[in-house]
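A.B. asks: Build me a model from this:
(2 chains, ligands or ions: 3)
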Amino acid sequence: MKPFSYERPATPAEAIEAAARPGARIIAGGTNLLDLMKLGIEGPAHIVDINRIGLDRIEDTPEGGLRIGALVRNADLAAHPRVRQHYPVLTRALVSGASGQLRNKASVSGNLMQRTRCPYFYNTDMACNKRRPGSGCSAIGGVGHNFAVLGASDACIATHPSDMCVALRALDAVVEIESAGAKRSIAIADFHLLPGDTPHLETALQPGELITGIVLPSPLAGTQIYRKVRDRASYAFANVSMALVATVEHGEVVVERLAFGGLALKPWRVEAAERGPRDPDAIADIVLAGAKSCTETAYKLPLVSRMLAAALETVQ
Amino acid sequence: MTDTDGAVVEPVRVSFTINGGLLTLELDPRVTLATALREHLGLTGTKIGCDQGQCGACTVLVNGRRINSCLTLAVMHEGDSIATVEGLGTPEVLHPMQAAFIEHDGFQCGYCTPGQILSSLAVIEEIRAGMPSHVTGSLEGPVPLSDEEIRERMSGNLCRCAAYPNIIAAIRDYAGAKP
Ligand SMILES: Cc1cc2nc3c(=O)[nH]c(=O)nc-3n(C[C@H](O)[C@H](O)[C@H](O)COP(=O)(O)OP(=O)(O)OC[C@H]3O[C@@H](n4cnc5c(N)ncnc54)[C@H](O)[C@@H]3O)c2cc1C
Ligand code: FES
Ligand code: FES
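C.D. replies: Ligands and ions are numbered 1, 2, ... in the order given. As a prediction, this is how the structure comes out:
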């Protein structure tokens, strides 16, 4: 690991100031950043430890939603009584991810910012446009079955690994951000970027900005489901995952919200598939419009309608 | 201080409690909690398997919660209370969970065992506190102390010797649960 200096600010304002230093990087749980630093994929000169700045509470908003501090741990968010009761798709997504140990450490902001698990991103001997812009994408034509089938480009076919973000996308969460003297918020839909020809640019967060939390709008009516298909039954990233909110109207099951993980470099939601056709195959056709797969990723396409059909069967 | 490559490193002072005793260390900030325990404090009960959060051998309790000590910097733990396997029992007076692992043959080589034991103690607390898991049915009621729940919650601790059925038996026995 490259040497770095270390600082532990006590307030968000101090953290913002510290993080503005050249080469500085924020550390929250450290479960993604330290892994990448050990491998030499990340090499910050200065580490800003934000674990003592607060931002660790979950509060009701006047609009009937929830404001979740950036430093709330994944385990605590999943177990929060209001999240369990009103946003169960978020609890289900969180507990399907990583392990009990990791969820105790992983923060909301770190989960939003976690980087891809593409094996070629992790292998520093191989070309990767995320790691070294312009070096090429070894994943294209490479070995592996977990690449993107939607929204990919000639420069990058990686996927976004988060489960939490898929549920947040279905729930229309908003990311709250602060920088020196300014505050702004970004819809989760606009937070993660598709690769295009700049796959090294991953989120809408700008240098010098601190994520302070996320806001959930007031709860949705209906049944909330999270499904995850993966290589083993637990402690594995998604091949395909799905966040679904469905209601029943005149005896018919209606898809209200539908977002997928494992298909693209961001949670994939096509609004036109919602409150539209009732047939899972027809819905999947809309979700998968423009999909491109190879022999090794072709299995992902039929999973979309099958996961949806299986989930819809359980909605009454 | 200089590191093995000759680079100059500014040491950072950190104080925490380990197994009840307060300690202060001056550390290269790159040192993980796992390495601080093993190399700086001689507490080699905490194992490093993958060093990437993928195996759970390095599991310790920080302020009563289980974490992977390989994916956290020691200097991030100012003021924290850390429990390692050395603090649980002694060879003469074992912790009942340690005794249960022996009774049920919950290991072969033993490399994963300290992590399994610390993790399992936290698992029982998490179930009793009603924290949901991936296999929990209703999110509103209490969580059953079932094999299915224990197995899912222990998935962050791999055992290369595959002692899994006996590990589950040991935890079940300790917790007074039915299969
Ligand atoms: C073995 C393993 C299995 C896993 N399996 C899953 C899985 O199945 N599903 C899943 O979703 N995830 C999984 N994860 C990933 C895990 O969820 C992430 O590592 C975790 O959420 C990152 O959170 P953190 O707080 O530890 O982030 P850190 O490592 O501390 O930070 C990650 C990034 O976020 C930035 N950052 C953090 N906080 C802020 C802030 N407030 N403002 C601006 N930038 C910030 C940091 O600078 C860094 O770049 C797994 C991880 C491991 C190691
Ligand atoms: S050594 Fe920490 S999880 Fe494997
Ligand atoms: S007993 Fe050998 S790895 Fe678990």
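
A.B. asks: how about residue 154, what does it touch?
C.D. replies: If you meant another chain, say so; for now it's chain A. Contact partners of residue A:154, counting by Cβ atoms under 8 Å, 6 or more residues apart in numbering or on different chains, are A:137, A:140, A:197. From N, CA and C alone the C-beta is placed, and that goes for glycine too.

A.B. asks: meant chain B, my bad for not saying
C.D. replies: With Cβ under 8 Å, 6+ apart, residue B:154 has these contacts: B:116, B:119-120, B:123, B:167-168, B:171.

A.B. asks: re earlier: show me which of the contacts of residue A:154 are buried.
C.D. replies: A:137, A:140 (16 or more other Cβ atoms under 10 Å in any protein chain shown).

A.B. asks: Among the contacts of residue A:154, which one sits closest to ligand 2?
C.D. replies: Distance to ligand 2, by Cβ to the nearest ligand atom, is smallest for residue A:137 among these, at 29.3 Å.

A.B. asks: which SS class is residue 93?
C.D. replies: No chain was given, so I picked chain A. Secondary structure, DSSP: H, G, I helix; E, B strand; the rest coil: residue A:93 is helix.

A.B. asks: what number of residues lie near it?
C.D. replies: 31 (other Cβ atoms under 10 Å in any protein chain shown).

A.B. asks: With the flanking residues excluded, which residue is spatially nearest to it?
C.D. replies: Counting by Cβ to Cβ, 6 or more residues apart in numbering or on different chains, residue A:93 lies nearest to residue A:167, which is 3.7 Å off, once chain neighbours are set aside.

A.B. asks: Which single residue of chain B ends up nearest chain A?
C.D. replies: Closest residue of chain B to chain A, Cβ to the nearest Cβ: residue B:156 (2.5 Å).

A.B. asks: Could you give the bridge partners of the spatially most central residue of chain B?
C.D. replies: Residue closest to the average C-alpha location in chain B (Cα atoms, centre = their mean): residue B:59, at 2.5 Å. Taking DSSP bridges as the rule, residue B:59 bridges to residue B:68.

A.B. asks: Ligand 2 versus that one, what's the distance?
C.D. replies: To ligand 2, residue B:59 is 7 Å away according to Cβ to the nearest ligand atom, to the nearest Å.

A.B. asks: what comes up buried for stretch A:204-224?
C.D. replies: A:205, A:209-216, A:219-220, A:222-224.

A.B. asks: Equivalent analysis for stretch A:232-251, please.
C.D. replies: Buried residues in stretch A:232-251 (16+ other Cβ under 10 Å): A:234-235, A:237-246.

A.B. asks: go on, stretch B:122-136?
C.D. replies: B:122-124, B:126-127, B:131-136.

A.B. asks: Tabulate these in JSON lines, adding columns for distance to residue A:309.
C.D. replies: Shown next, in JSON lines, are the buried residues of stretch B:122-136 (distance: Cβ to Cβ, whole Å):
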{"residue": "B:122", "distance to residue A:309": "38"}
{"residue": "B:123", "distance to residue A:309": "34"}
{"residue": "B:124", "distance to residue A:309": "38"}
{"residue": "B:126", "distance to residue A:309": "33"}
{"residue": "B:127", "distance to residue A:309": "33"}
{"residue": "B:131", "distance to residue A:309": "31"}
{"residue": "B:132", "distance to residue A:309": "26"}
{"residue": "B:133", "distance to residue A:309": "26"}
{"residue": "B:134", "distance to residue A:309": "21"}
{"residue": "B:135", "distance to residue A:309": "22"}
{"residue": "B:136", "distance to residue A:309": "24"}
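
A.B. asks: Can you sort out which of those residues also neighbour chain A?
C.D. replies: B:122-123, B:126, B:131-134, B:136 (Cβ under 8 Å from any Cβ of the partner chain).

A.B. asks: Of the residues you listed, which fall within the contact range of ligand 3?
C.D. replies: Counting by Cβ under 6 Å from any ligand atom, nothing from those sits close to ligand 3.

A.B. asks: now the residues you listed as TSV including secondary structure and pLDDT?
C.D. replies: Listed next are those as TSV, based on DSSP: H, G, I helix; E, B strand; the rest coil; pLDDT from 0 to 100:
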residue	secondary structure	pLDDT
B:122	helix	98
B:123	helix	98
B:126	helix	98
B:131	coil	97
B:132	coil	98
B:133	coil	98
B:134	coil	98
B:136	coil	98
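
A.B. asks: What about the residue in the stretch 51-200 of chain A that ligand 2 sits nearest to, how many residues nearby?
C.D. replies: Using Cβ to the nearest ligand atom, the single residue of the stretch 51-200 of chain A nearest to ligand 2 is residue A:101, 7.5 Å away. Neighbours of residue A:101 under the rule other Cβ under 10 Å: 27.

A.B. asks: Angles on the backbone of it, please.
C.D. replies: Phi and psi for residue A:101, reported as degrees, to the nearest 10, are phi -60, psi -50.

A.B. asks: now do residue B:32
C.D. replies: Torsion angles, degrees, to the nearest 10, at residue B:32: phi -80, psi 160.

A.B. asks: wait, doesn't it sit right on residue B:72?
C.D. replies: Yes: with contact defined as Cβ atoms under 8 Å, residue B:32 counts as touching residue B:72 (6.4 Å).

A.B. asks: ok, back up a step: which non-adjacent residue is nearest the residue of chain B closest to chain A?
C.D. replies: residue A:99 (2.5 Å).

A.B. asks: tally of neighbours for the one you found?
C.D. replies: 25.

A.B. asks: Let me have the buried residues of stretch A:232-251 in a markdown table, extended by distance to residue B:176.
C.D. replies: Formatted as a markdown table, the buried residues of stretch A:232-251 follow (distance: Cβ to Cβ, whole Å):
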| residue | distance to residue B:176 |
| --- | --- |
| A:234 | 24 |
| A:235 | 27 |
| A:237 | 35 |
| A:238 | 36 |
| A:239 | 38 |
| A:240 | 40 |
| A:241 | 36 |
| A:242 | 38 |
| A:243 | 37 |
| A:244 | 38 |
| A:245 | 39 |
| A:246 | 40 |
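
A.B. asks: Just flag the most distant two among the residues you listed.
C.D. replies: Using Cβ to Cβ, the pair of these lying farthest apart is A:235 and A:246, separated by 28.1 Å.

A.B. asks: A helix includes residue A:244, no?
C.D. replies: No: Residue A:244: not assigned to a helix; according to three-state DSSP it is strand.

A.B. asks: Can you add distance to ligand 1 and secondary structure and give the contacts of residue B:154 back as JSON lines?
C.D. replies: What follows is the contacts of residue B:154, written out as JSON lines (distance: Cβ to the nearest ligand atom, whole Å; DSSP: H, G, I helix; E, B strand; the rest coil):
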{"residue": "B:116", "distance to ligand 1": "17", "secondary structure": "helix"}
{"residue": "B:119", "distance to ligand 1": "14", "secondary structure": "helix"}
{"residue": "B:120", "distance to ligand 1": "19", "secondary structure": "helix"}
{"residue": "B:123", "distance to ligand 1": "18", "secondary structure": "helix"}
{"residue": "B:167", "distance to ligand 1": "19", "secondary structure": "helix"}
{"residue": "B:168", "distance to ligand 1": "21", "secondary structure": "helix"}
{"residue": "B:171", "distance to ligand 1": "22", "secondary structure": "helix"}
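
A.B. asks: can I see the domain layout of the chain?
C.D. replies: Assuming you mean chain A. A:5-51, A:223-312 (automatic domain parsing).

A.B. asks: not quite, I wanted chain B
C.D. replies: B:12-51+B:72-87, B:96-175.

A.B. asks: Any idea how far apart the tips of the shortest one sit?
C.D. replies: Distance between the two ends of domain B:12-51+B:72-87: 26 Å, counting by Cα to Cα, to the nearest Å.

A.B. asks: does it come close to ligand 3?
C.D. replies: No: Domain B:12-51+B:72-87 does not reach ligand 3 (Cβ under 6 Å from any ligand atom); its nearest approach is 8.2 Å.
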